[in-house]
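*Asks:* Got a predicted structure here, sequence first:
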Amino acid sequence: MTFGEFVKTRRLEAGLSLREFCKLAELDPSNWSKIERGLFPATAKRDILETIAKIVKLKKGSDHWSTFFDLAYISQQRIPDDVYKDEDVVSALPVFF
């Protein structure tokens, strides 16, 4: 599942249309539609991501919260920040890549 698919699913589960969601998040519906379709990556701004997560009713610290941020990083082609906190994983990264 991509970041856009994940958020779209959660948005629909929250009963929000694309336009309602974008109004709450102060986002452009045209650009957000492209994110949901996987044409654009997620924003890299943590505060915007947290706002989006709250709008789609993700509980901070939950598995869905973690998945949301992991998928955001993946869509940006970045390694999630929490991965860097695990020394065993960091030591294996050069081998992995």
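*Replies:* Cool, the structure landed.
*Asks:* which stretch of helix or strand covers the residue nearest the centre of the chain?
*Replies:* Residue closest to the average C-alpha location in the chain (C-alpha atoms, centre = their mean): Ala72, at 3.5 Å. Secondary structure from DSSP states H and E places Ala72 in helix 63-75.
*Asks:* next one: Ile48
*Replies:* helix 46-55.
*Asks:* what's the offset of that helix from the middle of its chain?
*Replies:* Centroid separation for helix 46-55 versus its chain: 9 Å, with C-alpha atoms, centre = their mean, to the nearest Å.
*Asks:* Residues contacting it, please?
*Replies:* Helix 46-55 is contacted from outside by 7, 11, 14, 16, 21, 24-25, 27, 42-43, 60, 65, 68-69, 72, using C-beta atoms under 8 Å, 6 or more residues apart in numbering. (Glycine included, C-beta is placed from N, CA and C.)
*Asks:* which of those are buried?
*Replies:* Val7, Arg11, Leu16, Phe21, Ala25, Leu27, Ala42, Thr43, Phe68, Phe69, Ala72 (16 or more other C-beta atoms under 10 Å).
*Asks:* returning to what we had before: hang on, the residue nearest to the centre of the chain packs against Phe3?
*Replies:* Yes - Ala72 lies in contact with Phe3 (C-beta atoms under 8 Å); the separation is 5.3 Å.
*Asks:* Is Lys57 in a helix, a strand, or coil?
*Replies:* coil (DSSP: H, G, I helix; E, B strand; the rest coil).
*Asks:* before we move on, back to that, following element in sequence after the helix holding Ala72, please.
*Replies:* helix 87-96.
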